[in-house]
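[1] How does the following fold in three dimensions:
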Amino acid sequence: MIRSKKFLLATVAASLLACAEQSSNTEDNQNQVEATTQAVIMHHEAIAETAAQGTHKLKQYNEMTLPGARISHAVTADSMAALSWSPTLPPPGMQQVDTENYQHYQSNGVVVVGEHPVSTFSIDVDTAAYSNIRRMLVQEGRLPPHDAVRVEEMINYFDYGYTNPQSGSAPFAISTEVAPSPWSDNRKLLRIGLKGFLPVAEKRPAANLVFLVDVSGSMRTANKLGLVKQSLRLLLKQMTARDSLSLVVYAGAAGTVLEATPGDQKAKIMAAIDALQAGGSTHGSAGIELAYALAQQNMIEGGINRVLIASDGDMNVGTVDINALKNLVAEKRKTGISLTTLGFGAGNYNDALMEQIANVGNGNAAYIDSLREAQKVLVNEMQATLLTIASDVKIQIEFNPAVVSEYRLIGYENRMLQREDFANDKVDAGDIGAGHTVTALYEISLLGDGGEQVSALRYQDNANASTHSKDEIALIKLRYKKPGEQQSIELTRVVHTADISDALDNSSEDLRFAASVAGFAQLLRGGQFTANWSYGDALILARSARGEDPHGYRGEFISLIELTQSLSSQI
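    All right, here's what the predicted structure looks like:
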């Protein structure tokens, strides 16, 4: 029987890999990586042609061995049809269709304290939304879709000068502040800030990191796989001999191209990264399975154990349903291995997937639109990205009906929890990394200020309100677990009316800057709650609160507002 061309290519790839496994020097290692990634791609292409030519070749193909690629799934008749299509870049002159995917959600509404005095949510340290929106504004010259704007991720992109914890025994400090709302004269902003403990770099635990890199055809551009390689090089330079790094790739199938390697063997690891090539479809679930297996195999007790996925999130083979992938990752987190997603590229970016699997994977989501952003996430904030200091962090606010009539949590829509979830240690919540700052803003209406937005009911009154202290605005409760532990620790803090600043200008630079970001993000979402406030107002407020800006992030934000003004019909 005459074999097809691609079938023969796959056979040649198997031979190359067998030779590559016997190599030990850097040049041979690079050849092995190239052969492995090509084998993963050929695996997909051969299946596609096999499907077209009949099942009689299926048995022959499955009898082939690819020792270097360690293909993670067998070819079956059921999988052939799904694997027979491969995404490719559009021909020259043809514009690529925008298939970017964002989770739809409604902004949090106004809540009457007399009806629902308690608000509960999980913290969120993701920053992907901000850098993704920056890409749309700066690189593409367009305003983002509303669902791409997650307000809390915009706010938490920036560092704030909150009080530092004194030691690792108390993993973070809580700070609060209340000041007039910039977009309403009759309402206030309540800021809740958390600052994570940051150990000195020399005391960072050893890290077991598995890079899971998407090498499918959709990654074949400079701002995708090309930028992935540059980004991983930056992180590699921070690794030491105590650390272990592995490299897994996935396209039509998944394969290990670099077993666990000490972090000081940088030439070997860089050669593996540099040799990555793109082609084929995207079997993301197979890659996730293999990456977690490799991480568990090289587990460091008491260390950092994490999988880092670098992808555009465009998975089209194997398990592709978001909920099924979330279940897969949620099951894997029980092993004690965390997940970081690093999003790349445009046009087909699946933000909904990358953000949600990071949420359930006890990790964080970032979007890398430039090498400068890679420097921020993987170098400047490396400990925050990799080292978890508190798990399942939840916040619950009880508002005093004698003082507060209404409240609205700005952002955190996909992090809301039920009231009873707060004390339930079985309910998953967000994790905080070393040195992370987390900010939450509530817009509140005080009794007698005339800022209410919900009409009063005829038959309901606040009969018990007069029995409460009028010196307190709210009680803040926070629960968290130390990494690896199952029982939560609870902290409390009271916000007093004496904490209210009489004017926005008298509040801290941190509150004013966070308010400018929150206002800007709400405007990008349509400005439902910002009345007549404008991008020009956001610009003035951000400029007045720039403060210390060692890396230029706040200055860049001011430039983004200016650009948005030019792109928008609103001044």
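[2] if you skip the residues just before and after it, what's nearest to Gly527?
    Trp533 (7.2 Å; Cβ to Cβ, 6 or more residues apart in numbering). C-beta: built from backbone N, CA, C; applies to glycine.
[3] Just the element for the one you found, please.
    Assigned by DSSP states H and E, Trp533 belongs to neither a helix nor a strand.
[4] Give me the number of neighbouring residues for it.
    Residues near Trp533, counting by other Cβ atoms under 10 Å, number 19.
[5] Just list the residues touching the residue nearest the centre of the chain, thanks.
    Ranked by distance to the mean C-alpha position of the chain (Cα atoms, centre = their mean), the top residue is Ala365 at 1.1 Å. Counting by Cβ atoms under 8 Å, 6 or more residues apart in numbering, Ala365 makes contact with Asp126, Thr127, Ala128, Thr340, Thr341, Gly343, Met354, Glu355, Ala358, Asn359.
[6] Next: Leu308.
    Leu209, Val210, Phe211, Leu212, Leu339, Thr340, Thr341, Leu342.
[7] now swap in Ser488 and tell me
    Asp392, Asp425, Arg479, Tyr480, Lys481.
[8] can those go into CSV with extra columns for pLDDT?
    Compiled in CSV, these are given as follows (pLDDT from 0 to 100):
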residue, pLDDT
Asp392, 95
Asp425, 95
Arg479, 96
Tyr480, 96
Lys481, 94
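[9] Are we agreed that the residue nearest to the centre of the chain is in a strand?
    Yes: assessed by DSSP: H, G, I helix; E, B strand; the rest coil, Ala365 belongs to a strand.
[10] now it, which residues is it bridged with?
    Thr341 (DSSP bridges).
[11] Show the residue spans covered by the strands in the stretch 351-500 of the chain.
    Assigned by DSSP state E, counting those that start in this stretch, the strands in the stretch 351-500 of the chain fall at 364-367, 388-399, 404-410, 430-433, 437-446, 472-481, 489-496.
[12] So which of those strands is the most surrounded?
    strand 364-367 (a mean of 28; mean count of other Cβ atoms under 10 Å).
[13] quick one: average confidence on that strand?
    Averaging pLDDT along strand 364-367 gives 97.
[14] next one: stretch 534-543
    98.
[15] And for stretch 310-324?
    For stretch 310-324, the mean pLDDT works out to 77.
[16] give me the element the residue nearest to Thr335 when sequence neighbours are not counted is part of.
    Computed as Cβ to Cβ, 6+ apart, the closest residue to Thr335 that is not its neighbour in sequence is Gln296, at 5.4 Å. Assigned by DSSP H and E, Gln296 belongs to helix 284-297.
[17] again with Ala260
    Under the assignment here (DSSP H and E), Ala260 is part of strand 254-262.
[18] just the angle between that strand and helix 284-297, please?
    Here strand 254-262 points in a direction 30 degrees away from that of helix 284-297 (axes from the mean of the first three to the mean of the last three Cα atoms, to 10 degrees).
[19] Show me where the stretch 451-571 of the chain dips below the pLDDT cut-off.
    458-468, 570-571 (pLDDT under 70).
[20] ok, now with 80
    451-452, 454-468, 569-571 (pLDDT under 80).
[21] ok, which stretches of it are helices?
    509-524, 535-544, 553-567 (DSSP state H, counting those that start in this stretch).
[22] go on, the stretch 301-450 of the chain?
    322-332, 351-360, 371-375, 382-386.
[23] Would you map out the domains in this structure?
    Following automatic domain parsing, the chain resolves into domains at 5-85+202-386, 111-129+140-199+388-448+468-567.
[24] can you list those domains in JSON lines and add distance to Val454?
    Formatted as JSON lines, the domains of the chain follow (distance: least, Cβ to Cβ, whole Å):
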{"stretch": "domain 5-85+202-386", "distance to Val454": "31"}
{"stretch": "domain 111-129+140-199+388-448+468-567", "distance to Val454": "5"}
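[25] Select, out of those domains, the one closest to Thr99.
    Closest approach to Thr99 among those (Cβ to Cβ): domain 5-85+202-386, 4.9 Å.
[26] Please identify which of the contacts of Leu308 is nearest to Ala260.
    Closest to Ala260, out of all of these and judged by Cβ to Cβ, is Val210, at 8.4 Å.
[27] I'd like to know how many residues surround the closest one.
    27.
[28] what are the bridge partners for it, then?
    Ser246, Val307.
[29] Now for it: which residues touch it?
    Leu245, Ser246, Leu247, Val248, Ala291, Tyr292, Leu294, Ala295, Arg306, Val307, Leu308.
[30] go with 6 Å
    Ser246, Ala291, Leu294, Ala295, Val307 (Cβ atoms under 6 Å, 6 or more residues apart in numbering).
[31] ditto for Ile395
    Phe121, Leu478.
[32] Specify the beta-bridge partners of it.
    With DSSP bridges as the rule, Ile395 is bridged to Phe121, Leu478.
[33] what do you get for the one 4 residues further on?
    According to DSSP bridges, the residues that bridge with Phe399 are Ala474.
[34] roughly how far apart are it and His116?
    9 Å (Cβ to Cβ, to the nearest Å).
[35] okay, now Val528: neighbour count?
    Small correction: residue 528 is Gln, not Val. Applying other Cβ under 10 Å, I find that Gln528 has 12 neighbouring residues.
[36] The chain should start at 9 in everything you say after this.
    I'll keep to 9 as the first residue from here, and by that count the last item is Gln536.
[37] ok so, going back, closest one to Glu108 among the domains of the chain?
    domain 13-93+210-394 (4.8 Å).
[38] on that earlier part again, pick out the shakiest of the helices of the stretch 309-458 of the chain, pLDDT-wise.
    helix 330-340 (a mean of 89).
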